[in-house]
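J.: Okay, structure incoming, though there's no sequence with it:
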């Protein structure tokens, strides 16, 4: 009987060791997140970040180059059409160096000398005119008495006309010399005592509010420099840049849900236009993408979004398709298998891979036409280590 006891002990020890090895090396269940397949209406949406903007924005610019005075209007101030928003004055002259000052002073002296010369020429022309007039009277008297010839009278009359023209030219020359003197003195006085001169009022083109002050402090500006932006902050629209591959499915009039804008409830909108021209944008990952702007009108009552302003961030969900009743599964449960889609269905603690036919898909939910049934449980974000018939446990 001793040998039988030894056999039983050996069998018991082997069983304990085998059980310990099994528990030590048995496959452990994979921790996964689990979701549920539901049934309900499906909406295929294009979700992107967007921002608000004033529908009609007017940029008021400086019409001329000059010195812009400090603006009195601030962002948010109401303005009326044709009211003054800024004052523009002529630019101050450059600093005058000693050489340039000396040249201007000499120019003033030269202009004064020219006036004296013009006075002398004028006096000479007056004297010549008086002499010519006397000669004409004398020759005319002699010609009437038959002493002087007709040709001599004609020569004296011609000399009189020349003398009259010379006096007229001398007077014009003096007038020009006076202008040159005034110009030289004004140039020198401009540097010594700058005058403000005439200003130019920059006015608002429309009634509204000041959205942004571009040039607030006083300074010299060139023609076309933006000064302020004016618009109506109560007339807002939303712009969203979407991928061109998504934009082909968006039609004008499509409903839009505006979310995460900071208010207590979501807003409603409607697509007004999909711009016809796309642009290139580099994503956060450094990938070049072709995108296009989608302009959205807010259809919710204005009192619901009264606190929104120009340039505020929003999230827009553009609805491109709706199915009244569909089998819905979270898109995080789907993964590619070949050319199709698949999902892991959980039952009795085991995940089983199943082929799925996807009818439509959005960023959060997908509508499936076959492969899944409502109330079935699926693995969300299936890990790469998960395989068919593997044991799973919910986190």
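T.: Happy to help now that I have it. Predicted model, so just to flag it, every value in this text is computed and none were measured.
J.: pLDDT weak spots in the protein?
T.: For the chain, the stretches with pLDDT under 70 are 1-27, 92-98, 100-101, 103-105, 147-148, 150, 153, 187-198.
J.: for it, longest helix please?
T.: helix 98-144 (DSSP state H).
J.: for that helix, packing partners?
T.: helix 150-192 (3 or more CB pairs under 8 Å, 6 or more residues apart in numbering; DSSP states H and E). From N, CA and C alone the C-beta is placed, and that goes for glycine too.
J.: Mind giving me the packing neighbours of the helix it packs on?
T.: Other helices and strands packing on helix 150-192, by 3+ CB pairs under 8 Å, 6+ apart, are helix 98-144.
J.: ok and the helix it packs on relative to helix 150-192, angle-wise?
T.: Inter-element angle recorded for helix 98-144 and helix 150-192: 160 degrees (by axes from the mean of the first three to the mean of the last three CA atoms, to 10 degrees).
J.: what's the domain layout of this structure?
T.: Annotated domains of the chain cover 30-41+325-394, 47-53+233-323, 58-90+198-231, 98-192 [automatic domain parsing].
J.: Can you add mean neighbour count and give those back as a markdown table?
T.: Listed next are the domains of the chain as a markdown table, based on neighbours: other CB atoms under 10 Å:
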| stretch | mean neighbour count |
| --- | --- |
| domain 30-41+325-394 | 16 |
| domain 47-53+233-323 | 15 |
| domain 58-90+198-231 | 16 |
| domain 98-192 | 14 |
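J.: re earlier: the longest helix of the chain: how far from the chain's middle?
T.: Relative to its parent chain, helix 98-144 has a centroid offset of 65 Å by CA atoms, centre = their mean, to the nearest Å.
J.: How about stretch 283-300?
T.: Taking mean C-alpha positions (CA atoms, centre = their mean), stretch 283-300 and its chain are 15 Å apart.
J.: contacting residues around that stretch?
T.: The contact list for stretch 283-300, computed with CB atoms under 8 Å, 6 or more residues apart in numbering, reads 50, 236-244, 247, 250, 256, 258, 267-275, 277-282, 305, 316, 318.
J.: Let's see which of these end up in strands.
T.: 50, 236-243, 256, 258, 267-274, 279-282, 316, 318 (DSSP state E).
J.: Dihedrals phi and psi, residue 376?
T.: Note on residue 376: backbone dihedrals following degrees, to the nearest 10 are phi -70, psi 150.
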